[in-house]
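>>> Test case, fold it:
(2 chains)
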Amino acid sequence: MGKTIIEKIWEKHVVHMEEGRPDLLYIDLHLVHEVTSPQAFSGLRMKQRTVRRPDLTFATMDHNVPTLNRREINDQVARNQMDTLRNNCEEFGIPLADLDSPDQGIVHVIGPELGLTKPGMTIVCGDSHTSTHGAFGSLAFGIGTSEVEHVLATQTLWQTKPKTLKIEISGTLGAGVSAKDVILFIISKYGVQFGTGYVIEFCGDVIRNMSMEERMTLCNMSIEGGAKASIIAPDDKTFAYLNGKKYAPQGDEFLDQILEWQKLTSDEDAEHDDVIEVDGSKIIPMVSWGTNPAMTAPVTERVPFLSECETEAEKKAVQRAFEYMGLEEGQLIQDIHVTKVFIGSCTNSRIEDLRAAAEIVKGKKVASGVNAIVVPGSQQVKKVAEAEGIAAIFIEAGFEWRESGCSMCLSMNDDIVPAGEHCASTSNRNFEGRQGAGARTHLVSPVMAAAAALNGHFVDVRKLAGVAV
Amino acid sequence: MSSFKEMTGKVAAMDRTNVDTDQIIPKQFLKRIEKTGFGQYLFYDWRFKSNGEPDEKFELNHPATKGASILIANENFGCGSSREHAPWALQDYGFRVIIAPSFADIFKQNCLKNGILPIVLSANQVSQLLEKAAGQEYEMTVSLEQKRVYDETDFRAEFEIHPYWYQMLLNGWDEIELTLQLEQNIQEYEGKFLSGAR
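Modelled structure (predicted):
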């Protein structure tokens, strides 16, 4: 029997295998940020251990960083955390894209952008959205701080071999429908834990037609369905994206690598533990209405009626979500008004996301009473967007144009949604309090967020774009 | 890591599905650089009202749960962010065992690495426990050695745990120390395969 891409990468990385233990896997790339690493470095120091492979480790600061004034950080605790990362990187010889570096940005944006992320690798980071890097055909997953310490000390991790789930998405996506809608659709249909214990392989025509940015959006949110990792076999788009990137192999070495990378596909007779088939043509723009990503509905529909809940537990959860979100059962999605709009996060802050949103915004104005911000995923994205005139489009329309970071996705810095306000957000989690205590988050694609900013409530972006629906 | 063999303790019940790590420890408390002292912030936005007063409606504010060391939770406990601050907060608050029908993968790993025992029981068994512990004092015994949980009356259940974690927890071993004993294997692997990230 053939092998899946996941098995191929796994087998190549096993350092040690023994009955009664998980496999010891080698880690090719360890990405580090300021929030989940300080205790790991302290742990090393306490036991007089060192970082085994600083050359396979790369750090940046993103979670805490201000997106307005970079020079004055008033939050002393946050500043201490950033200083701590700086000192740890210096002490252990780890390269750092610091606050003032042209390479700084959200860790899952800069990994691919710098060519650190490459097909066939094992990649970890103390952040659950590490699944993003699976878009390049790498096995990438989030870990906790104890595991961060373990990787720093040994460059390996004990891992139990996961089950594999194939999600095949056939057909063609309609105009105005993007990867964000695809993943929200899948989670709304299969729930927030269908992926637990699995690594997902995404495949099918829709995937092949997606840009690298869209593939990253898709893999990014697989964790919201419970899957620690997801993967897409690399193809010419992957290679074209990596060509010429700072840390990617160059010249003949790059061409040789492509020959190796092309082998990273699931064999035709490989068997996955489970298979899900999705018709991409039927997906329309989605809006989350509740307090987990499965509580999501198509923009043309309503939030549920309580009578539609199948179990008592579901009814209880939906009722609680209505209460938190300030919604009535059966309310039309398009009647939900927003006062905040956030375009950013490791899910949707790449140049293509900003281009698509700017297309909708061009020549129009943000609705009165709406505060809208755009937070590019990295300094490189920011620079390109400014050079292309995209930043100017947003600014003229009344959006705020910020410095790069995680920002309002988890609101660890000053970018907070006030209690009770509704935010159209391109981020990945609509949990209670995620964007601020009492904040009401609605997850949407970049074009849907742009459309909501212009109208002050959710609208079907397909209509704005002149698509007949 | 501290070892875990057997314990008897008070139970707290939390009958909510999909409790995410943002609720277990809200983001405003992630800026500290230590592992300790997170217990006071556990479930902060649920435990306290906006004026800082404890919210009496919240499960862990019920007097019967005071001093609880076993948490009964529901489906998909610990989903979302990989923040290990979540198990640090649960542990610092006093929990040594969490029983649920299912856990999120990263959270479960994070618990095990800190000597917290995540036990999966069937939905039916968990709902029995939720009922027994709801709004009243209730004690249970958890034996890792025998892989059993039971109370003084009629509840008993067996649970499964990966043999690796069974040994790790019973002995309280330091995982990094164990891995470093395989230094030669790691070196051999690096000699054979390593192309390097950059």
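>>> Just the CA coordinates for the helix or strand of chain A with the lowest mean pLDDT, please, in PDB.
When each helix and strand of chain A is scored by mean pLDDT, DSSP states H and E, helix A:461-464 comes last, with a mean of 92. Provided in PDB are the C-alpha atoms of helix A:461-464 (Å, rounded to 0.1, in the frame of the first residue of the first chain):
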ATOM      1  CA  VAL A 461     -20.100  41.000  -0.900                       C
ATOM      2  CA  ARG A 462     -21.000  39.100  -4.100                       C
ATOM      3  CA  LYS A 463     -23.700  41.800  -4.700                       C
ATOM      4  CA  LEU A 464     -21.200  44.600  -4.200                       C
END
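>>> Let me see the ranges of the strands in the stretch 251-400 of chain A.
Under the criterion DSSP state E, counting those that start in this stretch, strands of the stretch 251-400 of chain A are mapped to A:274-279, A:286-288, A:296-298, A:340-343, A:371-374, A:400-401.
>>> nearest to B:Asn61, of these?
Minimum separation from B:Asn61 across those (Cβ to Cβ) falls at strand A:286-288, 29.5 Å. The C-beta positions use only the backbone N, C-alpha and C, and glycine is treated the same way.
>>> from the chain's centre, how far out does that closest one sit?
Its chain's C-alpha centre and that of strand A:286-288 lie 16 Å apart, by Cα atoms, centre = their mean, to the nearest Å.
>>> Stretch A:375-389 too?
The answer for stretch A:375-389 is 18 Å, by Cα atoms, centre = their mean.
>>> Using CSV, list the CA coordinates for the helix or strand of chain B with the lowest mean pLDDT.
Lowest on mean pLDDT, DSSP H and E among the helices and strands of chain B sits helix B:183-193, with a mean of 94. What follows is helix B:183-193, C-alpha atoms only, in CSV (Å, rounded to 0.1, in the frame of the first residue of the first chain):
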residue,chain,number,x,y,z
GLU,B,183,22.1,12.1,22.2
GLN,B,184,23.9,9.6,20.0
ASN,B,185,20.7,8.8,18.0
ILE,B,186,20.1,12.5,17.5
GLN,B,187,23.7,13.0,16.3
GLU,B,188,23.4,10.1,13.9
TYR,B,189,20.2,11.5,12.5
GLU,B,190,21.7,14.9,12.1
GLY,B,191,24.8,13.4,10.3
LYS,B,192,22.5,11.5,7.9
PHE,B,193,19.8,13.9,7.0
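>>> Of the strands of the stretch 251-400 of chain A, which stretch is the most buried?
strand A:340-343 (a mean of 29; mean count of other Cβ atoms under 10 Å in any protein chain shown).
>>> Would you mind measuring from B:Glu177 to A:Arg49?
Going from B:Glu177 to A:Arg49 by Cβ to Cβ, to the nearest Å gives 10 Å.
>>> what about these two, which has more around it?
A:Arg49 (16 against 11; other Cβ atoms under 10 Å in any protein chain shown).
>>> what's the more buried one in contact with, if anything?
Going by Cβ atoms under 8 Å, 6 or more residues apart in numbering or on different chains, A:Arg49 touches A:43, A:152-153, B:176.
>>> Over to A:Leu139?
For A:Leu139, the contacting residues are A:6, A:9-10, A:13, A:121-123, A:199, A:229, A:231, by Cβ under 8 Å, 6+ apart.
>>> how does it look with 6 Å?
For A:Leu139, the contacting residues are A:9, A:122, by Cβ atoms under 6 Å, 6 or more residues apart in numbering or on different chains.
>>> quick one, phi psi at A:Ala140?
phi -130, psi 130 (degrees, to the nearest 10).
>>> so what's it bridging to?
Beta bridges link A:Ala140 to A:Ile123, judged by DSSP bridges.
>>> Tell me, how many residues neighbour it?
Neighbour count of A:Ala140, defined by other Cβ under 10 Å: 30.
>>> does residue 177 belong to a helix or a strand, and which?
Going with chain A. Using DSSP states H and E, A:Val177 maps to neither a helix nor a strand.
>>> To clarify, I was referring to chain B.
Taking DSSP H and E as the definition, one finds B:Glu177 inside helix B:175-180.
>>> mean confidence score for that helix?
Helix B:175-180 shows a mean pLDDT of 97.
>>> go on, stretch A:442-458?
For stretch A:442-458, the mean pLDDT works out to 98.
>>> Can I get it as CSV, trimmed to CA atoms?
Output of stretch A:442-458 as CSV, limited to C-alpha atoms (Å, rounded to 0.1, in the frame of the first residue of the first chain):
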residue,chain,number,x,y,z
HIS,A,442,-17.7,37.9,13.9
LEU,A,443,-15.3,36.0,11.8
VAL,A,444,-15.3,36.8,8.1
SER,A,445,-13.1,37.0,5.0
PRO,A,446,-11.2,40.2,4.1
VAL,A,447,-13.7,41.2,1.4
MET,A,448,-16.6,40.6,3.7
ALA,A,449,-14.9,42.7,6.4
ALA,A,450,-14.3,45.5,3.9
ALA,A,451,-18.0,45.3,2.8
ALA,A,452,-19.2,45.5,6.4
ALA,A,453,-16.9,48.5,7.1
LEU,A,454,-18.5,50.4,4.2
ASN,A,455,-22.1,49.5,5.2
GLY,A,456,-22.0,49.3,9.0
HIS,A,457,-23.6,45.9,8.9
PHE,A,458,-23.0,42.6,7.1
